[in-house]
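Peer 1: sequence first, then the predicted structure, then my questions.
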Amino acid sequence: MDIGSNPKCDGSFFKYCGGDHRKNHHSMAAANVHHHHNFGGAVVKIVLVFMVIGLTFVFVNKSDNSTPFVDRSSPPSFDVVEAVEFKSEDLSSYGKEENNLENTLKRAAMEDQKTVIITTLNAAWTEPNSIFDLFLESFKIGDRTQNLLKHLVVVALDQKAYSRCLEAHLHCFALAGDGSGGGDEDFSGLAYFMGGKYLKIMWKRIDFLRTVLEMGYNFVFSDADVMWLRDPFPRFYPDGDFQIACDRYNHNSTDLGNLPNGGFTYVKSNNRTIQFYKFWYNGKDYFPGKHDQDVFNLIKFDPFISDIGLGIRFLDTAYFGGFCQPSKDLDLVVTMHANCCIGFEKKIHDIAMVIDDWKRYMGNHNSGRVSWTVPRECGLNKTE
């Protein structure tokens, strides 16, 4: 399957293209003609002619965009269409050379020259002693995680986040939507869960990561509220194209019934993952008001996934834990995610406790006698 091409329609009703739209629209028109036949009269005939023309016009316009009909009563299918090419905002204070994505990824790449770590950041998370500071501290106090910082790319959603990234001497890239009046969106403030700004950030992130894959880079994407306590690469599966952490893990890495969390993923660049990210991104139009994680839960069962041969693996919470399902053994834990936590101050409070717990654990020379004191303000029973 060529990169950037739509999956071919093969005539089956729901396979990729959402059905035979022409047949359905003509049958609808025919039904309307039959229904009104008995009314007679020139006026009725004229009205019917305009109805048929109107339906044909709707069909023609519908076939030109990326939102064909989808059967909502079964696992969803929809087209993979060519996504819009990602471009960064040309912010006057940055300069084109400085804010070049290809150069940034090249500088940040690991020894294989094709793997990077990516996080996104806006101004709300850059305040002193806030989430971003705790995120960076976890790398510094983790077990063999210090060198991973030089492979971290911070994707800044506004000017303040970009400046904070530069102050930390990291690899920084400014994403479109800088809040300065020249960008298309202002992402600088707090993005409340499932609010309009939150959804736009989540989907902009998916589109950006698709671009990274198309440029030939593998990536580990990590939310900034994921604490890195050990090097995760030894715990990734060698045969998984797309690997994702879980809110709830069912003790089977291939079970699609696992409840994933898009805040931590490891993705290899290949035709399968590129097609998948286009497919995933288009889900925002089919399921309006849902964020990327909800849409992933819907499309992971879609036949398109198996047809392109995408290998999906779910990461064990024994290693990649979170406040939803904490890793019980600190001798095994790799990352700790502040999931199942709604509320900025609550999140900061419990993340700080994670850092303190880890420092105590490391101070005891990994003796295993230290256990988590979190979640305290967060957790499954405190998200309602």
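Peer 2: Yep, it's here.

Peer 1: correct me if wrong: residue 293 contacts residue 260.
Peer 2: Yes - using Cβ atoms under 8 Å, residue 293 is in contact with residue 260, at 6.8 Å. The C-beta positions use only the backbone N, C-alpha and C, and glycine is treated the same way.

Peer 1: residue ranges with poor pLDDT in the stretch 151-300 of the chain?
Peer 2: 176-198 (pLDDT under 70).

Peer 1: strands along that one, start to end?
Peer 2: Taking DSSP state E, counting those that start in this stretch, the strands of the stretch 151-300 of the chain run over residues 152-156, 171-174, 218-222, 226-228, 242-248, 259-267.

Peer 1: residues touching the closest residue to residue 225 other than its chain neighbours, list them.
Peer 2: Nearest residue to residue 225 in three dimensions, chain neighbours excluded: residue 338, at 4.0 Å (Cβ to Cβ, 6 or more residues apart in numbering). Contacts of residue 338 were listed using Cβ atoms under 8 Å, 6 or more residues apart in numbering, and they are 225, 226, 227, 322, 323, 347, 350, 351, 354, 378.

Peer 1: helix, strand, or coil at the last one?
Peer 2: Per DSSP: H, G, I helix; E, B strand; the rest coil, the local secondary structure of residue 378 is coil.

Peer 1: residue 344 is in contact with that one, correct?
Peer 2: No - with contact defined as Cβ under 8 Å, residue 378 and residue 344 do not form a contacting pair (11.4 Å).

Peer 1: what about the two, which has more around it?
Peer 2: Each of residue 378 and residue 344 has its neighbours counted (other Cβ atoms under 10 Å); residue 378 has more, 24 against 15.

Peer 1: setting aside sequence neighbours, what's the nearest residue to that one?
Peer 2: residue 341 (3.3 Å).

Peer 1: check the gap between the one you found and residue 353 for me.
Peer 2: Residue 341 sits 12 Å away from residue 353, going by Cβ to Cβ, to the nearest Å.

Peer 1: neighbour count for the two, which is higher?
Peer 2: Neighbour count, other Cβ under 10 Å: between residue 341 and residue 353, residue 341 has more, with 26 against 17.

Peer 1: mind checking how far that one is from residue 348?
Peer 2: 10 Å.

Peer 1: what does residue 357 give?
Peer 2: Separation of residue 357 from residue 348 (Cβ to Cβ) stands at 15 Å.

Peer 1: and which of the contacts of residue 338 is nearest to residue 136?
Peer 2: residue 227 (10.3 Å; Cβ to Cβ).

Peer 1: neighbour count winner among residue 293 and residue 260?
Peer 2: More crowded of residue 293 and residue 260, by other Cβ under 10 Å: residue 260, with 23 against 15.
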